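Participant: next come a sequence and a model predicted from it.
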Amino acid sequence: ETGVTQTPRHLVMGMTNKKSLKCEQHLGHNAMYWYKQSAKKPLELMFVYSLEERVENNSVPSRFSPECPNSSHLFLHLHTLQPEDSALYLCASSQEDSLNYGYTFGSGTRLTVV
Amino acid sequence: AQTVTQSQPEMSVQEAETVTLSCTYDTSENNYYLFWYKQPPSRQMILVIRQEAYKQQNATENRFSVNFQKAAKSFSLKISDSQLGDTAMYFCASNYNQGGKLIFGQGTELSVKP
């Protein structure tokens, strides 16, 4: 493990289901991120949390709802998803005042919407 | 908008040979960092190498080195003595100014052939 843990690794859900993705970081970082990675597309930044405040929301549909209860945990709540939402969802963390360290990523959750 | 561009969707190289992956970026910032990340089939995004924009000297990490051309806004990755374990998607990324938010390129899928 790299210090950022994502669960579950795989998730299959119907379009009417409600599920949540979880991310936990053990690095003492103060910023956390959700990215969507679809086949043959660049990584899409979805949400940014800095010191537990949402600072960015890149026009993500409301069927995705993030939650950051503390600096170590980040959730992505999912409801009434569409098949095109099937993708790899990556969580990352960083230390905002240290530009040079980049991100530490989790292993992602492979989501399939049926 | 700041952008990072990788123009090679796929590349292949013979084991033990050298390969160069291209990346260009666009920014008006003076202080930024550039990164190469590797994503093997395990999906874990791993930091390969980083470069500080104000440093002239190209970064090197074992078999990985960069050719940083600041005026041309180019940041290529050279992998020497390619190994089968280098097979992965490679993403170029940059962060700009405060906050450390990373902008990613589209990725290059590298296959190392025995």
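Facilitator: Here it is on my side, so go on. Numbers count the residues shown, from 1 in each chain, chains lettered A, B, ... in the order given.
Participant: now do stretch B:60-72: distance to the chain's middle.
Facilitator: Centre-to-centre, stretch B:60-72 and its host chain are 8 Å apart (Cα atoms, centre = their mean, to the nearest Å).
Participant: buried ones in that stretch, by neighbour count?
Facilitator: Neighbour-count burial for stretch B:60-72, counted by 16 or more other Cβ atoms under 10 Å in any protein chain shown, picks out B:64-66, B:68. The way it works is simple: take the backbone N, C-alpha and C, and place the C-beta from them, glycine included.
Participant: C-alpha coordinates for the helix or strand of chain A with the lowest mean pLDDT, PDB please?
Facilitator: Here the helix or strand of chain A ranked lowest by mean pLDDT, DSSP states H and E is strand A:53-57, holding a mean of 73. Output of strand A:53-57 as PDB, limited to C-alpha atoms (Å, rounded to 0.1, in the frame of the first residue of the first chain):
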ATOM      1  CA  GLU A  53     -13.300  22.400   2.300                       C
ATOM      2  CA  ARG A  54     -14.400  21.700  -1.300                       C
ATOM      3  CA  VAL A  55     -12.500  24.200  -3.400                       C
ATOM      4  CA  GLU A  56     -13.200  22.800  -6.800                       C
ATOM      5  CA  ASN A  57     -16.100  21.100  -8.500                       C
END
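Participant: just after that strand, pick out the following helix or strand.
Facilitator: Next along the chain after strand A:53-57, taking DSSP states H and E as the criterion, comes strand A:64-70.
Participant: and the angle for the helix or strand that comes right after that following strand with strand A:64-70?
Facilitator: Using DSSP H and E, the helix or strand that follows strand A:64-70 towards the C-terminus is strand A:73-79. Comparing the axes of strand A:73-79 and strand A:64-70 via axes from the mean of the first three to the mean of the last three Cα atoms, to 10 degrees yields an angle of 160 degrees.
Participant: pull the CA atoms of strand A:73-79 into PDB?
Facilitator: Written as PDB, here are the backbone C-alpha positions of strand A:73-79 (Å, rounded to 0.1, in the frame of the first residue of the first chain):
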ATOM      1  CA  HIS A  73     -11.000  10.500   4.600                       C
ATOM      2  CA  LEU A  74     -12.800  11.300   1.300                       C
ATOM      3  CA  PHE A  75     -16.000   9.700   0.000                       C
ATOM      4  CA  LEU A  76     -17.800   9.800  -3.300                       C
ATOM      5  CA  HIS A  77     -21.500   9.000  -3.000                       C
ATOM      6  CA  LEU A  78     -23.100   7.600  -6.100                       C
ATOM      7  CA  HIS A  79     -26.800   7.500  -7.000                       C
END
